[in-house]
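**Q** output the structure for:
(chains A and B)
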Number of protein chains: 2
Amino acid sequence: MVLHALQGADSATLTEITRVTGLSRPTVEGVVEGLIEAGLVVEAPVEEGAARRQGRPARRFRFRAEAGHLLGLEIGPHRVAAVLSDLDGKVLGAGQKEVDETASSDERLERLRTCVAELLRRAGIARGSLRAVGVGSPGIVEADGTVRLGTALPGWTGLPLGERLRRSFKCPVLVENDANAAAVAEHWKGVARDSDDVVFVLAGLSPGAGSLIGGRLHRGYGGAAGEIGALHLLGREVTPETLLSTTDEPLHPLDEQAVTEVFRHAREGDVGAKAAVERYTQRLVHDVAALVLALDPELVVIGGWAAGLDDVLEPLRRELTRFCLRPPRVELSMLGEAAVATGALRLALDHVEGELFAVEGTVTGR
Amino acid sequence: MVLHALQGADSATLTEITRVTGLSRPTVEGVVEGLIEAGLVVEAPVEEGAARRQGRPARRFRFRAEAGHLLGLEIGPHRVAAVLSDLDGKVLGAGQKEVDETASSDERLERLRTCVAELLRRAGIARGSLRAVGVGSPGIVEADGTVRLGTALPGWTGLPLGERLRRSFKCPVLVENDANAAAVAEHWKGVARDSDDVVFVLAGLSPGAGSLIGGRLHRGYGGAAGEIGALHLLGREVTPETLLSTTDEPLHPLDEQAVTEVFRHAREGDVGAKAAVERYTQRLVHDVAALVLALDPELVVIGGWAAGLDDVLEPLRRELTRFCLRPPRVELSMLGEAAVATGALRLALDHVEGELFAVEGTVTGR
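**A** Numbers count the residues shown, from 1 in each chain, chains lettered A, B, ... in the order given. This is a model prediction of the structure:
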């Protein structure tokens, strides 16, 4: 409670902490002393003005957000990315590197390590200062960070991703599905800040989704919630790669450059490309509709590369209004490319706050 | 805590309550006295044997489950049903009446009142003894019990169902979507007792679904979660009534007798009927798949009239296994026709327990 109170203010006196927490003065004094010893709290310098006005002012204390650091990582088909923050979640730096969609898991992880090393060096933060690392990646992820199923990246299915990354970091590593991480990010800093019931759709050739219910991530019983991309398999329907192709050959499943081309041609009036985009949008609407009917969210956030394609938003809103019993708001992702790493950072932050604010084995119900 | 302890045992001594609750003896004595005054606890008669063995035995107390009663009601297209219990949820009686699918809301509610009056009379329970009434009914239901949208029953959309029923009962009336109520019932007494992550599919001409996530009902932001029946509207696909028809004319949307006929003919080998059932099953598989991919439940329970049609279970399991990343178990409803009323009863019981066990405005986290 004392930490919470300090984290919520720039600095506070013992009297202020006593008032906010409802704890007794001796208790607050004892806890603050313990936190100072643990390096999490420090006495704040007295402001010049305050000193002059009031004679000897009360001592002020502040949370040492710089006492530890956190990383949020994204491992995607075409890039790896990292974002670094202090214990308050204040972002201190970010970096990213392109990676080939055909890269092996070893190459991809090596690329990520390089990206992280450069980021830490630039920010002047020692690796030992990291308290937790969050990771967002495609696929169904087990609680221990193993990828149970991940067809989007070569060598991803079965990869003990958490274990592999824990060798690079001496702190807890939390692995999460990328769409789940992005949903968390939009709720933290993006377009979903005011909504607790949110579906984030990571649109792409195989769309995935992450859901918040009552402000909490809904992972599903086996971590597979929101993997709506498989729905079309059922109806013996064609793949998204075929839907978006303007030739007889389907696009490569991960060739997002080709997708961008199709959308550009459609905007330029190419008839074949327009038809392809129309087919793709219909599929996306159907997938999103299935999520909306199942979950009834307040808000649907469209991210992934569709976030760059305003063309899908209007048909989505129109169709959802037409056939959903209670249509949700539909908005584009505010965080765009930063969503996955930002959400991973938030998950790392949640973990550390859970540890910091845990008292004798119980975690506060934040 | 004392009530919980007493409810969990046939009867208990003050010493036993003290041990189970961890409360002090004087506290337990005071609370038990208060509960006796409130009519919720009574001193239990001493067993003959115990008296002889131990000289003067310790006084025993028991929860008075008969201190109040609860009703669970179902209002469906073809029937109304009621189930009556004591405060322990022990069922004391049940009744049902057929009602025409074309009946007005007034007729339907009148039928329900007759059903309830007969049940109370048969069981010898005074209306004034009712502490709460739960109701399960098709449609999207607002928190106050108004049906926001309910196309299955004539005059249902906009009906202030909760308010109307509160005129008949002097206790709280809780209105819930029928599939949601059925999900709660299967979790309480049915096939989902051991699962906290459950999707209950109320199969019919327009399937609905209710979901439990972490053991709690997931209603959605606007109470519309699980209304998956609208999914086919999107693809300009034909209605279930058309799918199941063996002629050029669609079935009447509520004519379940006609549906039964089609399934019977299919089992007898009629080619047209077999094709119709195949079309219907494919649609059901698709709808269930959408729910499963969105929510990733541990267990899917199939109820409604499809529960009487074992034919759909095998294709459902096969197809879900084929294209769900983590296929759930699929089981038939155990409660069958009793599911909706039983779930409504459980919701009434939850409400009363919340009130009984509420201490100074806080409700225990059961």
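**Q** so how far is residue A:101 from residue A:154?
**A** 8 Å (CB to CB, to the nearest Å). Placement of C-beta: from N, CA and C, glycine included.
**Q** what's the answer for residue A:19, then?
**A** With CB to CB as the criterion, residue A:19 and residue A:101 are 56 Å apart.
**Q** what about the two, which has more around it?
**A** Neighbours per residue, other CB atoms under 10 Å in any protein chain shown: of residue A:19 and residue A:101, the larger number sits with residue A:101, 18 against 13.
**Q** surely that one and residue A:79 touch.
**A** No. Counting by CB atoms under 8 Å, residue A:79 is not a contact partner of residue A:101; they are 9.9 Å apart.
**Q** what do these two both touch?
**A** Here residue A:101 and residue A:79 share no contacting residue, scored by CB atoms under 8 Å, 6 or more residues apart in numbering or on different chains.
**Q** need the three-state assignment for residue A:337.
**A** helix (DSSP: H, G, I helix; E, B strand; the rest coil).
**Q** any idea how many residues pack against it?
**A** 18.
**Q** state the distance from the residue lying closest to residue A:185 once chain neighbours are set aside to chain B.
**A** Among residues not flanking residue A:185 along the chain, residue A:343 sits closest, at 3.4 Å (CB to CB, 6 or more residues apart in numbering or on different chains). From residue A:343 across to chain B, the span is 19 Å (CB to the nearest CB, to the nearest Å).
**Q** got the residues of the stretch 251-366 of chain A near chain B?
**A** A:282, A:285-286, A:289-291, A:293-298, A:319, A:322-326, A:328 (CB under 8 Å from any CB of the partner chain).
**Q** one more time with 6 Å, if that's ok
**A** By CB under 6 Å from any CB of the partner chain, the residues of the stretch 251-366 of chain A that approach chain B are A:286, A:289-291, A:293-298, A:323, A:325-326.
**Q** quick one: which of those is nearest residue B:37?
**A** Lowest distance from residue B:37 to those (CB to CB) belongs to residue A:296, with 44.7 Å.
**Q** ok so, going back, hang on, the residue nearest to residue A:185 packs against residue A:184?
**A** Yes. Between residue A:343 and residue A:184 a contact is recorded at 4.0 Å, counting by CB atoms under 6 Å.
**Q** give me the distance between the two termini of stretch A:193-212.
**A** End-to-end distance for stretch A:193-212, by CA to CA, to the nearest Å: 12 Å.
**Q** ok now that stretch, how far from the chain's centre?
**A** 11 Å (CA atoms, centre = their mean, to the nearest Å).
**Q** pull the residues that contact it.
**A** Residues external to stretch A:193-212 that are found in contact with it (CB atoms under 6 Å, 6 or more residues apart in numbering or on different chains): A:179-180, A:182-183, A:186-187, A:192, A:214-215, A:218, A:226-229, A:240-241, A:253, A:287-288, A:291, A:295, A:297-306, B:221.
**Q** go ahead and build a PyMOL selection from the buried members of these.
**A** Buried members of these can be picked out in PyMOL with the line below, counting by 16 or more other CB atoms under 10 Å in any protein chain shown:
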select buried, (chain A and resi 179+180+182+183+186+187+192+218+226+227+228+229+240+241+253+287+288+291+295+297+298+299+300+301+302+303+304+305+306) or (chain B and resi 221)
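**Q** now, the contacts of stretch A:193-212 that are in helices?
**A** A:179-180, A:182-183, A:186-187, A:240-241, A:287-288, A:291, A:295 (DSSP state H).
**Q** quick check: residues of the stretch 1-150 of chain A near chain B?
**A** A:140, A:149.
**Q** what's the following helix or strand after the helix-or-strand element of chain A with minimal mean pLDDT?
**A** In chain A, no helix or strand scores lower on mean pLDDT, DSSP states H and E than helix A:48-54, which sits at a mean of 60. Using DSSP states H and E, the helix or strand that follows helix A:48-54 in sequence is strand A:60-63.
**Q** name every strand pairing with the next helix or strand after that next one and say which way it goes.
**A** Scanning forward in sequence from strand A:60-63 by DSSP H and E, the next helix or strand is strand A:69-75. Using DSSP bridges, the strands paired with strand A:69-75 are strand A:79-86 (antiparallel), strand A:130-137 (parallel).
**Q** just say which of these is most tucked in.
**A** Sort these by mean neighbour count, taking mean count of other CB atoms under 10 Å in any protein chain shown, and strand A:130-137 sits at the top with a mean of 26.
**Q** TSV for the residues of the stretch 251-366 of chain A next to chain B, including pLDDT?
**A** Formatted as TSV, these follow (pLDDT from 0 to 100):
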residue	pLDDT
A:286	85
A:289	90
A:290	90
A:291	93
A:293	92
A:294	93
A:295	94
A:296	94
A:297	96
A:298	96
A:323	73
A:325	73
A:326	80
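**Q** most widely separated two among these?
**A** It's A:286 and A:298 that sit farthest apart of those, by CB to CB, at 20.8 Å.
**Q** do you know how far the nearest residue to residue A:296 once chain neighbours are set aside is from residue A:63?
**A** Ranked by CB to CB, 6+ apart and with sequence neighbours excluded, the top spatial neighbour of residue A:296 is residue B:220, at 2.5 Å. Distance, residue B:220 to residue A:63, using CB to CB: 38 Å.
**Q** where exactly do the helices run in chain A?
**A** Under DSSP H, chain A gives helices at A:2-7, A:14-21, A:25-37, A:48-54, A:105-123, A:161-166, A:178-189, A:231-234, A:240-243, A:256-267, A:271-295, A:313-323, A:339-356.
**Q** same for the third one, what does it pack against?
**A** Applying 3 or more CB pairs under 6 Å, 6 or more residues apart in numbering or on different chains; DSSP states H and E, one finds that helix A:25-37 makes contact with helix A:14-21.
**Q** next one: the last one
**A** Using 3+ CB pairs under 6 Å, 6+ apart as the contact criterion, the elements in contact with helix A:339-356 are strand A:69-75, strand A:79-86, strand A:130-137, strand A:173-177, helix A:178-189.
**Q** any idea of the pLDDT on the residue nearest to residue A:296?
**A** On the pLDDT scale, residue B:220 is placed at 92.
**Q** how close does whichever residue of the stretch 251-366 of chain A sits closest to chain B get to residue B:186?
**A** Closest contact between the stretch 251-366 of chain A and chain B, by CB to the nearest CB, is at residue A:296 (2.5 Å). Distance of residue A:296 to residue B:186, given as CB to CB: 20 Å.
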